[in-house]
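Trainee: What follows is a predicted structure for the sequence shown.
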Amino acid sequence: MVINVQNFVPEDHLNSFSHSNIRDIRLLCKHTDKCNDRRNPMHLAKFLHTITYEVSGVVRYYNLNKNINFVLNELNSIKAITRYVKTKQWETLTSVNTSS
């Protein structure tokens, strides 16, 4: 997969990718979204700025799974697989010792 880095807002790019010379968790800029140095690459490499809905492509996906019951999904998946195995009359696998 090829990603066109030029389409990223610098803040989004730094939040999405690791760089050997930049901390993954940057310090919070005390001026946040009012900062005048947000276009300065050296400043951006060191400081994180408040993420607003207008500049972040990630925020709109926040909390989309809050109504999903993952435990119930897992139980339903196990039941469906067990039912399939019984219907196909699979034989139970015996344990195999693979250590020499």
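Mentor: Arrived safely.
Trainee: From now on I want contacts and neighbour counts done on CA atoms only, so please keep to that.
Mentor: OK.
Trainee: where exactly do the strands run in the protein?
Mentor: Taking DSSP state E, the strands of the chain run over residues 27-28, 47-48.
Trainee: Quick check: which of the ones you listed is buried the most?
Mentor: Mean neighbours per residue, mean count of other CA atoms under 10 Å, is largest over the strands of the chain for strand 47-48, with a mean of 20.
Trainee: State the mean pLDDT of that strand.
Mentor: The average pLDDT within strand 47-48 is 89.
Trainee: List the contacts of that strand.
Mentor: 11, 26-29, 32 (CA atoms under 8 Å, 6 or more residues apart in numbering).
Trainee: okay, the residue most central in space within the chain: pLDDT?
Mentor: The residue lying closest to the centre of the chain (CA atoms, centre = their mean) is Ser16, at 8.8 Å. For Ser16, the pLDDT comes out at 79.
Trainee: The contacts of strand 47-48 into CSV, with extra columns for distance to Lys46 and pLDDT?
Mentor: As requested, those are arranged in CSV below (distance: CA to CA, whole Å; pLDDT from 0 to 100):
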residue, distance to Lys46, pLDDT
Glu11, 11, 75
Arg26, 6, 88
Leu27, 6, 90
Leu28, 9, 89
Cys29, 9, 91
Thr32, 13, 82
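Trainee: Report the backbone C-alpha coordinates of the lowest-mean-pLDDT helix or strand in the chain in CSV.
Mentor: Sorted by mean pLDDT, DSSP states H and E, the helices and strands of the chain end with helix 10-16, the least confident at a mean of 77. Taking C-alpha atoms only, helix 10-16 is exported to CSV below (Å, rounded to 0.1, in the frame of the first residue of the first chain):
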residue,chain,number,x,y,z
PRO,A,10,1.8,17.5,9.5
GLU,A,11,0.2,16.9,12.9
ASP,A,12,-1.8,13.9,11.6
HIS,A,13,1.4,12.5,10.0
LEU,A,14,3.3,12.7,13.2
ASN,A,15,0.4,11.1,15.1
SER,A,16,0.2,8.3,12.6
